[in-house]
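[1] mind folding the following:
(one chain, ligands or ions: 1)
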Amino acid sequence: MAGVEFHPVRVLAIEPLTDDAVSVSFDIPTDLSTLFDHTPGQHLIVRATVDGQDVRRSYSICSAKGATSPSVGIKRLPGGVFSTFVHDTLKIGDTIEVTPPTGDFTLTPDHDNKNRYVAIAAGSGITPVLSMIRSVLEFEPQSMFTLLYGNKDGRSVMFLDELDALKGAYPDRFVIVHVLSRESHEIPLFEGRIDAEKLERMLGTIIEPAAVSGWYLCGPRGMVDGAQGVLRSHGVPAADIHDELFYAGELTESTVAVDDVEGATVRFTLRGRTSTATVATDGAPILDHVLAIRPDGPFSCRSGACASCRAKVTVGEVRMDKNWSLSQAEVDSGQILTCQSHPVSDLVELTYDV
Ligand code: FES
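    Residues are numbered from 1 along each chain as shown. From the prediction side, this is the model:
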C-alpha cells in the first residue's frame, strides 16, 4: 500500500453526543462521493495540524451506508491532542483532511438477507457498530439486530438518542441491551462489565447463539478476547465472528528518534523513492525513523490496530511488538506494521509500495 491519500473536506456539522463526545460530519464533494462510499464498519483517517504538528487519528464512520456526508464520533480524552483540538478549536465550515474509508471490520447489507446479527460493543466501540445497525435496519428489511452495549453509566452512552430513535422506528427488529458498570439495575445481569462470565449467562437466556449469523465485537481487548472465547466454546465458527479493538485512551505520540547511531540498516521505499535509516534493534520502531526522513510516510493509530503503516519486508527480518490488524496470511507474505517493527537482521529492506 502506498501512502494514504488525504482530501480536504469541509466540516458540515458538529453535534454533542454526551458531555464529552461529539459527532463530526464532513461535506464530501460530489466528485469524491464514489471514493468515499463506505461499507458499514469502516473507518477513515482524519488529519490536522495541531500546534505545528501533523496529527492523524482513525475514526469509524457511524453513518448508514450511502450517507452523502459521513460522520464520526469523537470522544474527548484527557490529554488527547486530536480530540482536544476537535472539541475546543474545530468549527463548522473549517477544512480538515480525511482519507477515503478503509478497514475490514465490515458488514455488507443485502436486501434479500434474513439474518440475525449481534454486536457487542463498549464505549466508543459503538461507532462502527452503529453504522452496521442503521444499514441493516434500512437495507435488510427481513433481518434483526441485537446490540449489547457496555458503558460506565447512562450519561456516558454515546448516540443514546439515535439508538432510542432506531428502537422506536424498528421495535420488532432491533433489540438493545445496555450494560452499565457504575449504575445499579434491577436485573443484575445488566450491571457491570460485559465480560466472559456475563456473556456466558446471556447466551441461552436472551441470545440463542445457534440462531445468530454474524457477531460483531468492538471494544477493548479484554472484552473482545473474552467474547471470542465464549462464542468459540459455544461452537460459533470463527468465520462468523468479526472483531475490532477500540481504545479507551488516545494513543501516545511516539518520539521520532533520529539519533540512533548504532543499529541495523533499514532501507525503505515509499512512492518510488528509496531512503536508508540506521535503526536500533531495541529503540524506536521503524516507522519513527521513516517519518524522520519522509514526513509523508503513512500512519494513523501507531498502536498496531489500523494497518495504515503496512509495508512489506523484501530482505531481512523484523519483529513486531503488537499486531492487531494483519492476518496470518499477510504476515506470512512478509507484511509488517512499521509502527510496531524493529529490525532483527543487520540489513532490512522494505517497501510501502505494495
Ligand atoms: Fe496503525 Fe501502524 S499506524 S497499525
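[2] what's opposite T265 in the beta bridge?
    Counting by DSSP bridges, T265 is bridged to T278, L347.
[3] which pLDDT value goes with it?
    Per-residue confidence (pLDDT) for T265: 94.
[4] shouldn't L137 be within a helix?
    Yes: under DSSP: H, G, I helix; E, B strand; the rest coil, L137 sits within a helix.
[5] what parts of the stretch 251-354 of the chain come near the ligand?
    299-302, 304-309, 325, 337, 339 (Cβ under 6 Å from any ligand atom). For glycine as for every other residue, the C-beta is placed from the backbone atoms N, C-alpha and C.
[6] with only the CA atoms kept, save stretch 225-242 in CSV.
    Provided in CSV are the C-alpha atoms of stretch 225-242 (Å, rounded to 0.1, in the frame of the first residue of the first chain):
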residue,chain,number,x,y,z
ASP,A,225,-10.9,-11.7,23.8
GLY,A,226,-13.4,-12.8,26.4
ALA,A,227,-16.3,-12.8,23.9
GLN,A,228,-14.3,-14.6,21.3
GLY,A,229,-13.5,-17.4,23.8
VAL,A,230,-17.1,-17.7,25.0
LEU,A,231,-18.5,-17.8,21.4
ARG,A,232,-16.0,-20.3,20.2
SER,A,233,-16.8,-22.5,23.2
HIS,A,234,-20.4,-22.4,22.1
GLY,A,235,-19.5,-23.7,18.7
VAL,A,236,-19.7,-20.4,16.8
PRO,A,237,-17.5,-20.7,13.7
ALA,A,238,-14.6,-18.3,13.6
ALA,A,239,-15.8,-17.0,10.3
ASP,A,240,-19.0,-15.7,11.9
ILE,A,241,-17.1,-13.6,14.5
HIS,A,242,-15.7,-10.3,13.4
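[7] what about the closest residue to P343 other than its chain neighbours, neighbour count?
    Once flanking residues are discounted, P343 sits nearest to A264: 3.6 Å by Cβ to Cβ, 6 or more residues apart in numbering. Applying other Cβ atoms under 10 Å, we find 21 residues neighbouring A264.
[8] which residues touch the closest residue to the ligand within the stretch 1-150 of the chain?
    Closest to the ligand within the stretch 1-150 of the chain is S58: 7.1 Å, counting by Cβ to the nearest ligand atom. Neighbouring residues of S58 by Cβ atoms under 8 Å, 6 or more residues apart in numbering: 43-46, 300-301, 305-306, 308.
[9] now the residues of the stretch 251-354 of the chain next to the ligand in TSV, please, with extra columns for distance to L347.
    Shown next, in TSV, are these (distance: Cβ to Cβ, whole Å):
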residue	distance to L347
F299	23
S300	28
C301	28
R302	25
G304	24
A305	29
C306	28
A307	25
S308	25
C309	20
S325	26
L337	20
C339	21
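[10] of those, just the buried ones, ChimeraX syntax please.
    The buried subset of these, as determined by 16 or more other Cβ atoms under 10 Å, is captured in ChimeraX by this line:
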select :299,300,301,302,304,305,306,307,308,309,325,337,339
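[11] count of neighbours near Q340?
    Quick note: Q340 (other Cβ under 10 Å) scores 23 neighbours.
[12] what about the helices in this protein?
    Per DSSP state H, the chain carries helices over the ranges 81-88, 126-139, 160-169, 196-202, 221-233, 286-293, 328-332.
[13] can you say which of those helices is packed in most?
    helix 126-139 (a mean of 26; mean count of other Cβ atoms under 10 Å).
[14] name the nearest residue to P8, sequence neighbours excluded.
    The shortest distance from P8 to any non-neighbouring residue, by Cβ to Cβ, 6+ apart, is to T95 (5.0 Å).
[15] so the one you found sits against F6, correct?
    No: judged on Cβ atoms under 8 Å, T95 makes no contact with F6 at a distance of 11.3 Å.
[16] of these two, who's got more company?
    The residue with more neighbours, out of T95 and F6, is F6; 17 against 11, by other Cβ under 10 Å.
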